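In: Predicted model and sequence follow; I will ask about them next.
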Amino acid sequence: MTAHIAILDDEPEIRRMLARALAEAGFRTSCYARATEFEAALRRAAPDVCLVDLGLPDRDGLAVVHRLALESGAAIIIISGRAQVQDRVTGLELGADDYIIKPFEPAEVVARVRARLRRGRADPARAATRARFAGWTAAFDRYVLTDAAGREVPFSHAEGEVLRLFLEAPNRLISRAQMQEALGGAAGESFDRAMDVRISRLRTKLGEDPRNPRLIKTIYGAGYIFLAEVAWD
């Protein structure tokens, strides 16, 4: 099935440029100038990737990104003229998967979209969508954690990438370098801080004691170990 890319940007020329480049690359696109129409469309059908500008006329773009991360399984790529490190860090902390600074080459956006889709596409080793561990069930088709009592806790696409990385390599050390290679993005302060936030949120959702987590253990100076037996369905 052809991947669907949603474009939210209030500049008509950028929407046209992105839509043209993505269509030429074989993707299906839909374009929106305002957050209200974009969010209304998402209630009807979820895209595979959302390209979101932060400078919107009717809504704070970061608020849109945060809501998308909580409620949608789509990958989120921010496209913005805000080039400060703090802006990139904030966007990633709120759940974005990638951040592209304007001006950009359309080919770069196409490449980033393809990279996100490759990471999200199931291969034989990643065909399972449900994992059970330590009284929890993680449903990656619905982006929901369910505890032993049946209580459901949603997680974002970005948090799901980190969780799946842990669940596919339980009881093994995963270094920051391995995380960066597996999840993509430029190494550096913004990536490290985004990972810290995502891991902190996963710990909270799993009911972990932040001072002494039992599942996601930090090995200082080395990386992380996920301490649990994992069964995939």
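Out: Thanks, I have the structure now.
In: and the nearest residue to Ser200 once chain neighbours are set aside, which of the three is it?
Out: Distances taken as C-beta to C-beta, 6 or more residues apart in numbering place Pro210 nearest to Ser200, at 7.4 Å, with adjacent residues excluded. Just so you know, the C-beta spots here come from the backbone N, C-alpha and C atoms, and that holds for glycine as well. Recorded secondary structure, Pro210: coil (DSSP: H, G, I helix; E, B strand; the rest coil).
In: again, but for Ile78
Out: Judged by three-state DSSP, the three-state class of Ile78 is strand.
In: Go ahead and confirm it touches Cys50.
Out: No. Assessed by C-beta atoms under 8 Å, Ile78 is found out of contact with Cys50, at 9.4 Å.
In: what pLDDT does the residue lying closest to Arg130 once chain neighbours are set aside get?
Out: The shortest distance from Arg130 to any non-neighbouring residue, by C-beta to C-beta, 6+ apart, is to Asp233 (4.1 Å). Asp233 carries a pLDDT value of 84.
In: which parts of whichever strand or helix holds Ala107 are buried?
Out: Assessed by DSSP states H and E, Ala107 sits inside helix 106-120. The neighbour-count check on helix 106-120 (16 or more other C-beta atoms under 10 Å) flags Pro106, Val109, Val110, Arg112, Val113, Ala115, Arg116, Gly120 as buried.
In: One more: stretch 220-233?
Out: For stretch 220-233, the neighbour count (16+ other C-beta under 10 Å) marks Gly223, Tyr224, Ile225, Phe226, Ala228, Val230 as buried.
In: got a list of contacts for it?
Out: The contact list for stretch 220-233, computed with C-beta atoms under 8 Å, 6 or more residues apart in numbering, reads 128-134, 166-167, 169-176, 178-179, 199, 214-219.
In: How about stretch 171-182?
Out: Residues from elsewhere that reach stretch 171-182 (C-beta under 8 Å, 6+ apart): 162, 165-166, 187, 191-192, 195, 219, 222-228.
In: Tell me the gap between that stretch and the middle of its chain.
Out: Averaging C-alpha positions (C-alpha atoms, centre = their mean, to the nearest Å) puts stretch 171-182 17 Å from its chain's average.
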